[in-house]
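Asks: Build the 3D model from these lines:
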Amino acid sequence: MSLIKIDQLSRHYEMGSETVYALRGVSLLIERGEYVAIMGPSGSGKSTLMNLIGCLDTPSTGNYELNGLDVSEMNDNELAEIRNREIGFVFQTFNLLPRSTAMHNVELPLIYAGVKLEPRRQQADEALKQVNLADRKSHRPNELSGGQRQRVAIARALVTRPSIILADEPTGNLDSKTGEEILALFDELSKRGNTIIVVTHEEEVALRSRRMIRIRDGLIASDEPVQPS
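Replies: From the prediction side, this is the model:
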């Protein structure tokens, strides 16, 4: 069974008297352990597709199954539960709590899930080790570099052991050297069997994946394996 099964997914918005078609009947399968990049220019529909995959939005028409569950018809509370359990998000802007330590930032999804203190700390510690930040767990974001902050965000995405890591322009706020370090970390996480979906407009970021899906005008323009360089 595919981890992600999308069938004829469409999303349109009513803007006054006008209907804007952001996605126009997209179908795709993503298997467990894949490392996929979704690429496209601004306005192509890639962010809409990311929001649907991430259960941040619901489709106008079509079906979306995540890990065997039909999420297309779920209400907001059910979607929130799926997001917390199945999806680890990594954003361009890190989205860390500024006054909290790295450890507390990583623990947050487990706190929301009601995990008790001892196992919570253990899982957060393990996630920080995976991103090579175990020695920075008591530091606050302003005591960390941009790359370290993104590593904390990646550890937070990993801590619930989700089905998917969904990364939106994960190197967008980083210089090229630090961006390279984050992409190397994604390579490593992919080799360990994590399913990674990166949404980007940067070719060099997409080329680090194993499969590149290009979106144009709300449709899949191409879907091809990436040849290792």
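Asks: Report the mean confidence score over stretch 219-229.
Replies: For stretch 219-229, mean pLDDT is 90.
Asks: Give me the contact list for that stretch.
Replies: 23-28, 37, 40, 45, 206-215 (CB atoms under 8 Å, 6 or more residues apart in numbering). From N, CA and C alone the C-beta is placed, and that goes for glycine too.
Asks: now swap in stretch 130-143 and tell me
Replies: Stretch 130-143 is contacted by residues 94, 96-103, 105-106, 124-125, 128, 144, 148-149, 151-152, 154-155, 158, 185, 189 when judged by CB under 8 Å, 6+ apart.
Asks: what about that stretch, start to end distance?
Replies: 20 Å (CA to CA, to the nearest Å).
Asks: and what of stretch 134-144?
Replies: Its start and end residues considered, stretch 134-144 measures 13 Å (CA to CA).
Asks: For it, list every residue counted as buried.
Replies: Arg136, Lys137, His139, Arg140, Pro141, Leu144 (16 or more other CB atoms under 10 Å).
Asks: mind checking how far that stretch is from the chain centre?
Replies: Distance of stretch 134-144 from its chain centroid, counting by CA atoms, centre = their mean, to the nearest Å, is 23 Å.
Asks: what do you get for stretch 175-186?
Replies: The answer for stretch 175-186 is 16 Å, by CA atoms, centre = their mean.
Asks: which parts of it are buried?
Replies: Thr178, Gly179, Ile182, Leu183, Leu185, Phe186.
Asks: How about Glu169, nearest residue that isn't a chain neighbour?
Replies: In this structure, Glu169 finds its nearest non-sequential neighbour in Gln92, 4.2 Å apart by CB to CB, 6 or more residues apart in numbering.
Asks: pLDDT score for the one you found?
Replies: Predicted confidence (pLDDT) for Gln92: 87.
Asks: Just to be sure, it is in a strand?
Replies: No - Gln92 is assigned coil when assessed by DSSP: H, G, I helix; E, B strand; the rest coil, not a strand.
Asks: Any regions of this structure where pLDDT drops low?
Replies: For the chain, the stretches with pLDDT under 70 are 229.
Asks: so which helix or strand takes in the residue nearest the centre of the chain?
Replies: With distances taken as CA atoms, centre = their mean, the residue of the chain nearest its centroid is Leu166 (1.0 Å). Assessed by DSSP states H and E, Leu166 sits inside strand 164-168.
Asks: same deal with Leu189?
Replies: helix 176-191.
Asks: so the residue lying closest to Leu29 once chain neighbours are set aside, which of the three states?
Replies: Closest residue in space to Leu29, ignoring its immediate chain neighbours: Ser2 at 4.3 Å, by CB to CB, 6+ apart. Here Ser2 takes the coil state, with states given by three-state DSSP.
Asks: all helices of the chain, in order?
Replies: Per DSSP state H, the chain carries helices over the ranges 46-53, 76-86, 102-112, 117-130, 146-158, 176-191, 203-206.
Asks: Which one of those helices lies nearest to His12?
Replies: With CB to CB as the measure, helix 46-53 is the member of those nearest His12 (9.6 Å).
Asks: Run through the neighbouring helices and strands of the closest one.
Replies: strand 4-15, strand 18-30, strand 35-39, strand 61-66, strand 164-168, strand 196-200 (3 or more CB pairs under 8 Å, 6 or more residues apart in numbering; DSSP states H and E).
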